[in-house]
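A.B. asks: Curious how this folds, go ahead:
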Amino acid sequence: MMFDTENDVNFKFISTNGIRLHTAISGPEEGEPVILLHGYPDAWFGWMAQIIALSKAGFRVVAPDQRGIWGTGRSCLQRPL
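C.D. replies: Okay, here's the model as predicted:
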């Protein structure tokens, strides 16, 4: 089974706790969820190998970008750039 990033990883913004999280989502909707969290200054694509493997294994993978990365809302405590 080939993995096509363009078609097999979807992106959406999830609003929570007053911020919008840019989130990469992959795998079957009915799959058991796995949440991958990266550190600063990485982004969702640092998990690409794991996203591919977990999705192929039938898991639903969710990889949100942390605050300030790829359009995810900044913390109210962060100074503007």
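A.B. asks: Spatially central residue for this protein, please.
C.D. replies: For the chain, residue 63 is the residue whose C-alpha lies nearest the centre (CA atoms, centre = their mean; 2.3 Å).
A.B. asks: Extract the residue ranges of this structure that are flagged as low pLDDT.
C.D. replies: For the chain, the stretches with pLDDT under 70 are 1-7, 67-81.
A.B. asks: Quickly note the distance from residue 50 to residue 18.
C.D. replies: Distance from residue 50 to residue 18, counting by CB to CB, to the nearest Å: 29 Å. Where you see a C-beta, it was placed from the backbone N, CA and C, and this is true even at glycine.
A.B. asks: Remind me what the helix or strand in which the residue nearest to the centre of the chain is found packs against, helices and strands.
C.D. replies: Here residue 63, judged by DSSP states H and E, is contained in strand 60-64. In terms of contacts (3 or more CB pairs under 8 Å, 6 or more residues apart in numbering; DSSP states H and E), strand 60-64 is packed against strand 19-26, strand 33-35, helix 48-56.
A.B. asks: Just send these back as JSON lines, with mean neighbour count too.
C.D. replies: Converted to JSON lines, those look like this (neighbours: other CB atoms under 10 Å):
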{"stretch": "strand 19-26", "mean neighbour count": "19"}
{"stretch": "strand 33-35", "mean neighbour count": "13"}
{"stretch": "helix 48-56", "mean neighbour count": "17"}
